[in-house]
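> 3D model of this:
(chains A, B, C and D)
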Number of protein chains: 2
Amino acid sequence: MPADARPSRMRLADVARALGISVTTVSNAFNRPDQLSPALRKMVLERAEELGYRGPGIEGRLLRTGHAGSIALYIPEPMTYLLEDAFVRTFMGALMNACQERQIGLLLLPAVPHDKSERPRPPAALDVAAVDAIIFYGLAGDDPVIQRAVDRGRPVIGIDMPNRDGVIGVGVDDVGGACAAATHLIQKGHRCFGVISLPTSRRRSDRKGTPADFETASIRFPKERWQGYVQAFREAEIDPATVAIRICDTNARKCGKAAMHALLDQGMDQLTAVLAMSDVVARGAMDACKERGLSVPQDISIVGFDDAPFAEDIGLTTVAQDAAEKAVIAVRCALGKPVKTTVVSTSVIERSTT
Amino acid sequence: MPADARPSRMRLADVARALGISVTTVSNAFNRPDQLSPALRKMVLERAEELGYRGPGIEGRLLRTGHAGSIALYIPEPMTYLLEDAFVRTFMGALMNACQERQIGLLLLPAVPHDKSERPRPPAALDVAAVDAIIFYGLAGDDPVIQRAVDRGRPVIGIDMPNRDGVIGVGVDDVGGACAAATHLIQKGHRCFGVISLPTSRRRSDRKGTPADFETASIRFPKERWQGYVQAFREAEIDPATVAIRICDTNARKCGKAAMHALLDQGMDQLTAVLAMSDVVARGAMDACKERGLSVPQDISIVGFDDAPFAEDIGLTTVAQDAAEKAVIAVRCALGKPVKTTVVSTSVIERSTT
DNA sequence: GCATTGAACTTAAACGTTACAGAACAAGAC
DNA sequence: GTCTTGTTCTGTAACGTTTAAGTTCAATGC
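Modelled structure (predicted):
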């Protein structure tokens, strides 16, 4: 063991003592240049560097100021979902760019395991993360982690989530977008619809759905998108009760395929148009049509939602929403003044599936 | 303004006062169950929850223990590179899974802007990040941020980087893998080679390269992979000086394409085999061959490196390395006992480009 | 009955930093 | 010469937690 092993890292106080000046002055040299003469500042900085002091560390600063220099992202899925889903990836890209620009870190938090036992919950990464704000993406409105985050007293941003006290909402105009999608199909002459929905609550399962499922939904998108569809149906005097609904277990291509098969098996042979709540499940629906020898859009028209990167490649008509804009707004809210709620708008992009 | 607005968050001390017990006991209730009676502990936990206290916050704990509950990842590229590059994505996926399992956060750090001015560097996210360890991926050995990270006194892991004091190295057997790739081609009867290299230093440019470029390389892969090629050449009595070399500006498909075109333009019409240092540039090389009407592997054989996810789809012969294993080892090093250096092994996967 | 042990809880001192309130001093204004 | 103003630097009290070193007190061994 070398005798000169540094006992612990250089501290602000060590530098101050070595230079014979006060700690405050050293601190100011690093953080508030206007508080001391340029000459002294230069000297302090230089000598500090020589002494091996790299500037105030986070530990003390964090305690004192609460400013961490990074923001957290929490999604209710395994972290790898961030890499897998095409639409989410666009969002992530924008989020990363925003962080890069501002030179702040982006902390990816692992979803807390969904255990039933109530009381003695060990503190999760979410609870101890040293961040200036937390961004939630697509959580159910009743997810208990939200309250835990709000209690931390830092800004909490909720993207595509039901509005909630203490959470700054950033969402797309789901109702308007869905309404536009349905209206688009109605204008093409369709009267008999199928809907492929994303899960409406944490309690998941591939299943047949009813309008009531949406009314009680705890996850935002499906609820609002259904409202949008209904709005368009009503205007065209189509009874929402005649619409066939399938709710996917998860936002995956194969779930969309299964849902489409189920829709067709359900005796809906007069079905001519399908409204899918994401491009991913829409793609799955297209797979199912292909397997059955149905051609799109001749036999069946399909409209997705999201305008995922692959939508253009496969010619999917969809509702575009600016994922990047959501990310930018989220970061702005995380760092800036508290804002109540923001809605970004949508537009239907017509391609070759309608 | 509501009169009962909480002045600041609940603290350990507040709970202690409310219960009429000492702070230590409350702290122990959360962190060291064996230090107090189960009954009291249960009571403390319950009352704390009621009082709105969610357990010890990071600020104080970090200062006291230095334990942050998350690790950082730093790459010398814009953060979005993590999403774009297929091989890196595999690595990220594994890293995420490892973090998920251990319930720790993964902090993505923005690369510090590459400015020339020396002295007054503002503290970057890297310097203030509250993490237990930092993982560097693919940095040049002389990148100044490494020293800054090492000075922080926490474990620093360097993946695919030149070895360096204070940094725990985790790397693939570049020399062995590259040697195997070259040997594979030599066994197929090839004698006239081209090499498409990745950048050898931070100072980048698409250009013709020479063996000397590799000797002075500050980035690890190219240097070692070249050594591996040379080793195979020597054994087969091929003069490395006869090998045509192109160095890419960046690890991108189009750079690989440009490099391949350049190689062919360079008057190397007798060229029959190309060793590419990544699957991405290998793919670009294949693009170039296609454009010129050269068929692979009839006219030209190509071997990549990495076994990126797309390699199988396009039938690229390549050197497989287990990106996931690197991630797992990195996390283990970050959290566990200090290890010196780890090397993961490689294997050639023959597909249809040779 | 006395010493010994151990469990259950408390006291008080860090950990490294920032920010408020002030002290010392020089320069002008009257 | 005194008063004001401003600049530059200092002393010190937080910030919220953990932990080493006690203190108390009841139970056990002899």
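> quick one: low-confidence parts of the stretch 51-200 of chain A?
A:115-123 (pLDDT under 70).
> same check, this time on the stretch 201-350 of chain A
Counting by pLDDT under 70, the stretch 201-350 of chain A contains low-confidence ranges at A:267-269, A:337-338.
> now the helices for it?
Listed in chain order, the helices of the stretch 201-350 of chain A (DSSP state H, counting those that start in this stretch) span residues A:211-215, A:220-235, A:253-265, A:279-291, A:309-313, A:323-335.
> for DNA strand D, which of these is the nearest?
Within the helices of the stretch 201-350 of chain A, the stretch nearest DNA strand D is helix A:323-335; the backing value is 20.6 Å (CB to the nearest atom of the strand). (Each C-beta comes from the backbone N, C-alpha and C, glycine too.)
> what comes up buried for the closest one?
For helix A:323-335, burial by neighbour count (16 or more other CB atoms under 10 Å in any protein chain shown) applies to A:323-334.
> ok, now stretch A:99-108?
By neighbour count with 16+ other CB under 10 Å, stretch A:99-108 contains the buried residues A:99-100, A:102-108.
> ok, now which ones touch residue A:69?
Listed by CB atoms under 8 Å, 6 or more residues apart in numbering or on different chains, the contact partners of residue A:69 are A:58, A:104-105, A:132, B:125, B:128-129.
> which residue, other than its chain neighbours, is closest to it?
Residue nearest to residue A:69 in three dimensions, not counting chain neighbours: residue B:128, with 4.6 Å by CB to CB, 6 or more residues apart in numbering or on different chains.
> now that neighbour: how far from residue B:79?
Computed with CB to CB, to the nearest Å, the distance linking residue B:128 and residue B:79 is 17 Å.
> next one: residue A:9
As defined by CB to CB, residue A:9 lies at a distance of 28 Å from residue B:79.
> got the residues of the stretch 1-150 of chain A near DNA strand D?
Remark: the part of the stretch 1-150 of chain A in contact with DNA strand D comprises A:21-25, A:28, A:35-37, A:40, A:60, A:63-64, using CB under 7 Å from any atom of the strand.
> what's the most distant pair in these?
A:37 and A:63 (29.0 Å; CB to CB).
> neighbour count: those two, which is higher?
For residue A:37 versus residue A:63, the count of surrounding residues by other CB atoms under 10 Å in any protein chain shown is larger for residue A:63: 16 against 9.
> in contact with the more buried one, which residues are there?
Shown here is residue A:63, whose contacts under the criterion CB under 8 Å, 6+ apart are B:59-60, B:62-63.
> helix/strand/coil for it?
Residue A:63 carries the three-state label helix when classified by DSSP: H, G, I helix; E, B strand; the rest coil.
> is it true that residue A:72 lies in a strand?
Yes. With three-state DSSP as the criterion, residue A:72 is assigned to a strand.
> how about the strands of the stretch 1-150 of chain A, start to end?
Under the criterion DSSP state E, counting those that start in this stretch, the stretch 1-150 of chain A carries strands at the ranges A:70-74, A:105-109, A:133-137.
> tabulate those strands (JSON lines), appending distance to residue A:162.
Output for the strands of the stretch 1-150 of chain A, formatted as JSON lines (distance: least, CB to CB, whole Å):
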{"stretch": "strand A:70-74", "distance to residue A:162": "16"}
{"stretch": "strand A:105-109", "distance to residue A:162": "20"}
{"stretch": "strand A:133-137", "distance to residue A:162": "11"}
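> nearest to DNA strand C, out of those strands?
Checking the strands of the stretch 1-150 of chain A against DNA strand C by CB to the nearest atom of the strand gives strand A:70-74 as the closest, at 16.0 Å.
> residue of the stretch 151-300 of chain A closest to DNA strand C, please.
Using CB to the nearest atom of the strand, the single residue of the stretch 151-300 of chain A nearest to DNA strand C is residue A:154, 16.4 Å away.
> wait, is that residue part of a strand?
No. Applying three-state DSSP, one finds residue A:154 to be coil, outside a strand.
> got the phi and psi for it?
When quoted as degrees, to the nearest 10, the phi and psi of residue A:154 stand at phi -110, psi 160.
> again, but for the one 3 residues further on
Backbone geometry at residue A:157, expressed as degrees, to the nearest 10, gives phi -110, psi 130.
> that one against residue A:168, yeah?
Yes. Between residue A:157 and residue A:168 a contact is recorded at 4.9 Å, counting by CB atoms under 8 Å.
> between those two, which contacts overlap?
With contacts defined as CB under 8 Å, 6+ apart, the residues shared by residue A:157 and residue A:168 are residue A:333.
> which one's more surrounded, those two?
In this comparison of residue A:157 against residue A:168, neighbours counted by other CB under 10 Å, the higher total goes to residue A:157 at 26 against 22.
> OK, contacts around that one?
For residue A:157, the contacting residues are A:133-136, A:167-170, A:330, A:333-334, taking CB under 8 Å, 6+ apart as the criterion.
> who does it form a beta bridge with?
In this entry, residue A:157 is beta-bridged to residue A:135, residue A:168, by DSSP bridges.
> and residue A:9 and residue B:79? Which one has more around it.
Counting neighbours by other CB under 10 Å for residue A:9 and for residue B:79 shows that residue B:79 has the greater number, 23 against 16.
> in PyMOL, how would I select the buried members of the residues of the stretch 1-150 of chain A next to DNA strand D?
To isolate in PyMOL the members of those that are buried, counting by 16+ other CB under 10 Å, one can use:
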select buried, chain A and resi 21+25+28+36+63
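> from the residues of the stretch 1-150 of chain A next to DNA strand D, which land in helices?
For these, the ones inside helices are A:23-25, A:28, A:40, A:60, A:63-64, with DSSP state H as the criterion.
> which of those lies closest to DNA strand C?
residue A:60 (2.3 Å).
> quick one: residues contacting the residue nearest to the spatial centre of chain A.
For chain A, residue A:137 is the residue whose C-alpha lies nearest the centre (CA atoms, centre = their mean; 2.9 Å). Counting by CB under 8 Å, 6+ apart, residue A:137 makes contact with A:73-75, A:88, A:91, A:159-160.
> so which of those residues are in helices?
Counting by DSSP H, the part of those found in helices is A:88, A:91.
> tell me which of the contacts of residue A:137 is nearest to residue A:141?
Minimum distance to residue A:141 across those is 11.0 Å, recorded for residue A:160 (CB to CB).
> what's the closest of the contacts of residue A:63 to residue A:209?
Of all these, residue B:59 has the smallest distance to residue A:209: 45.5 Å, by CB to CB.
> so what's the closest one closest to, chain neighbours aside?
Sequence neighbours aside, residue A:63 is the residue nearest to residue B:59 in space, at 4.6 Å (criterion: CB to CB, 6+ apart).
> go on, residue A:141?
Spatially, and ignoring its direct neighbours in sequence, residue A:141 is nearest to residue A:162 (3.6 Å; CB to CB, 6+ apart).
> for the one you found, which three-state class applies?
The three-state label given to residue A:162 by three-state DSSP is coil.
> state the distance from it to chain B.
According to CB to the nearest CB, to the nearest Å, residue A:162 stands 22 Å off from chain B.
> and what of residue A:90?
Note on residue A:90: its distance to chain B, by CB to the nearest CB, is 9 Å.
> gap between that residue and residue A:203?
In this view, residue A:90 and residue A:203 are 29 Å apart by CB to CB.
> once you drop chain neighbours, what's closest to residue A:225?
Of all residues not flanking residue A:225 in the chain, residue A:178 sits nearest, at 3.9 Å (CB to CB, 6+ apart).
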